[in-house]
Each structure stands twice: as structure tokens, then as C-alpha cells.
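Pasting a predicted model and its sequence here:
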Amino acid sequence: MPSSALHGRSLLTIAGLSAAEIAAILDTARTQKDDPAGPHGRALAGKTVVLVFEKPSLRTRVSFEVAARRLGATSLYLSPAEVGLGTREPAKDVARVLSRYADVIVCRTFGQDILEELDRHASVPVINALSDWEHPCQTLADLLTIREHGGTAGRTLAYVGDGNNVARSLAAGAASEGMHVRLAAPAGYVLDDASLAIARERAAASGGSVRVTADPLAAVSGRGLGDADLPPADIVYTDVWTSMGQEEESRRRNEAFAGFQITTDLLAAAPAVRLMHDLPAHRGEEISDAAFESPASVIFDQAENRLHAQQAALFHIMA
């Protein structure tokens with residue numbers, strides 16, 4: 001079995017992967033999805049994947065556990081009550097203990113700093129299953145989905161919503177794949193300058209582009225973004241306005257994002273568009289029920305692809 005450039009490495013951010021490495025994971029995901037019983041089927045036999053979750057999850061937990069088992073590995077889930085990263089026990093101690101038992105640590109946590117501390121002290125790879133800074137596994141699934149629905153290079157992605165962890169990973173990943181990325185958010189919720197710089201650097205190398213606007217209609221339709229009209233978006237993507245841990249900000253955020261809801265009227269500005277959401281969705285807030293259930297939606301293809309993208313990532317890192 002050929003060695004991967006990712007073998008033994010942690011996956012903490014999309015920005016930490018080269019465009020070639022992203023493409024390699026996506027290619028493997030497609031291969032494994034097409035042939036689940038293929039040559040990779042027992043590639044991780046005898047290995048153990050430990051899931052350390054500070055945040056509850058449906059898709060992340062199930063998809064990682066199924067992915068591990070499809071590759072022949074054993075998976076073990078540890079809840080917040082069982083670990084207590086940084087409270088019950090320092091993260092650096094947890095990292096050193098789990099490194100003696102497991103071959104990889106998959107962590108879903110509130111703080112990127114926790115992931116980085118785990119990574120510094122672990123002697124096995126650490127995979128970011130979500131933090132406040134990035135959601136790289138989600139982006140790999142997103143890009144796999146976009147590839148399946150028309151491809152990535154040269155196509156346009158309009159992200160409408162909060163400049164959060166999902167937007168940060170998605171902008172860098174889509175730009176790496178040669179996409180034209182449009183980010184629509186109200187003032188104060190735009191993606192930070194450093195993350196925009198990373199995405200723009202990737203876009204410059206791939207032939208893509210990155211634009212920021214406060215007008216959702218412009219992002220989707222392509223009109224009003226420059227001197228000449230641009231093509232409408234091929235993909236419209238949204239996420240919750242209030243992420244887990246931000247509940248006290250919910251009222252203020254809902255007011256700030258008034259007018260940013262994805263509706264069927266907004267989707268009509270891009271006739272051949274595909275609609276994406278990383279779930280769970282707050283219907284009636286960032287997305288209307290009619291839009292969510294519309295024929296444009298590929299949301300459940302996207303959810304399925306969490307399994308295939310993460311299986312490919314585990315394969316590259318552990319096999």
C-alpha cells in the first residue's frame with residue numbers, strides 16, 4: 001500500500017493542507033464511496049480511533065465511527081463527562097494518556113487552543129472534528145459534494161451567513177479547488193482578514209477568486225459586485241447564525257442577519273443553483289423551510305459525504 005504524504009500527520013485546519021493534499025483526500029473519498037468493499041476495506045485493522053467530544057453531535061460521531069469500522073479499526077467514544085478537557089484533567093495529560101492507547105485522537109471541542117495543546121503533547125495524530133476556529137472535515141465533505149454536482153474548478157460558491165468556523169474552512173478549501181468564492185455577511189460578522197488572506201492566496205494559485213459583500217442577492221445573482229455583472233452562483237451555502245456556545249448572542253445575531261435568510265426567492269436569482277447547509281439547520285432563521293426542502297437542496301448528499309470524506313482522511317493519516 002503506497003504511503004500518503006499525510007501519513008502520521010494531524011489534521012487541525014484546512015489551511016494546514018496543501019491544494020494537492022485536499023485533492024488527494026477527495027479522490028480517495030470518491031474511490032471508497034464507489035467501492036466500499038474495495039482494497040481499502042481492512043486498511044486500519046488492529047488500529048484504534050478515540051473520539052473525544054466536548055460538544056454533542058449526530059453526524060460527526062456516527063460518520064467517524066462508521067468510517068473507522070469500514071476501514072477495520074475499532075472506535076471508542078468519550079463524552080464530556082468522561083474527559084473534561086482542561087477542567088477535570090489538563091489537555092496535555094489527556095493527550096499523553098490517549099497516545100498510549102489509541103492510534104489517532106479525533107476531537108470535537110470549543111477551543112482551537114485545546115486541539116493545539118492536544119497536538120503538541122500527543123504522540124499520535126489529532127483530527128479536528130470541529131472547533132471554534134475551523135471545521136476541516138465538514139469542508140472536505142462539502143468539496144466532495146460540489147465535485148459530485150458539477151465539479152469545483154471555475155465554479156462559483158456563494159456563502160451567505162456568519163464568518164464562522166465553517167466559512168473559514170470552506171473559503172480556504174473552495175479557493176484551493178479553483179472556485180470563485182463570494183462571502184455575504186453583515187458588518188461585524190465578516191470573515192477575519194487573516195483567513196481572507198489565506199483564501200485569496202489559495203485562489204491566486206488555483207485560478208479562483210474571493211469576494212466579500214454585504215448584499216446576499218449580489219452574492220447569489222452576481223449582479224452589483226463590480227463594473228460588470230458576474231455569473232450567478234452555482235452553489236449557495238449557509239450555516240446557523242448562532243453557533244453552539246453563542247446562545248446569549250442569539251437575539252443580537254438574529255437582528256444583524258435580518259435579510260440574510262436563504263429563501264426560494266433568493267435561490268431564484270441563480271436558476272441552476274445547488275443549496276448546501278452543514279446541519280443542524282434552524283429553519284425560519286438562516287434558511288426557510290421551503291428553501292430547505294426545495295429541489296435545489298443537496299444537503300443530505302452533503303451529510304452523507306461526511307462519512308466518505310472522513311473515511312478518506314483516516315485512511316491517509318493512519319494507513
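Thanks, I have the structure now. Numbering: from 1, shown residues only.

tell me which element the closest residue to Ala214 other than its chain neighbours falls in.
In this structure, Ala214 finds its nearest non-sequential neighbour in Pro186, 6.0 Å apart by C-beta to C-beta, 6 or more residues apart in numbering. Any C-beta I mention is one placed from the backbone N, CA and C, and that applies to glycine too. Counting by DSSP states H and E, no helix or strand carries Pro186.

could you pull out the helices for the stretch 151-300 of the chain?
165-176, 193-206, 216-221, 250-256, 264-267, 289-292, 299-318 (DSSP state H, counting those that start in this stretch).

what's the closest of those to Arg30?
Taking C-beta to C-beta, helix 299-318 is the member of the helices of the stretch 151-300 of the chain nearest to Arg30, at 7.6 Å.

what residue ranges in this structure score low on pLDDT?
Low-confidence segments of the chain, defined by pLDDT under 70: 1-3, 86.

would you list every one of the strands in it?
For the chain, the strands defined by DSSP state E occupy 48-53, 74-78, 104-108, 126-130, 156-160, 180-184, 209-213, 235-238, 274-277.

Can you check which of those strands gets nearest to Arg9?
Per C-beta to C-beta, nearest to Arg9 of those: strand 126-130, 9.6 Å.

end-to-end on stretch 173-187?
End-to-end distance for stretch 173-187: 23 Å, by C-alpha to C-alpha, to the nearest Å.

quick one: that stretch to chain centroid distance?
13 Å (C-alpha atoms, centre = their mean, to the nearest Å).

Which positions in it come out as buried?
Applying a neighbour-count criterion of 16 or more other C-beta atoms under 10 Å, the buried positions in stretch 173-187 are 173-186.

My guess is the residue nearest to Ala214 contacts Glu255. True?
No: contact criterion C-beta atoms under 8 Å: Pro186 and Glu255 do not qualify, at 9.6 Å.

nearest residue to Ile287 other than its sequence neighbours?
Ile262 is the one closest to Ile287 (C-beta to C-beta, 6+ apart), at 4.5 Å.

what about that neighbour, how many residues close to it?
27 (other C-beta atoms under 10 Å).

Look up how far Val181 lies from it.
17 Å (C-beta to C-beta, to the nearest Å).
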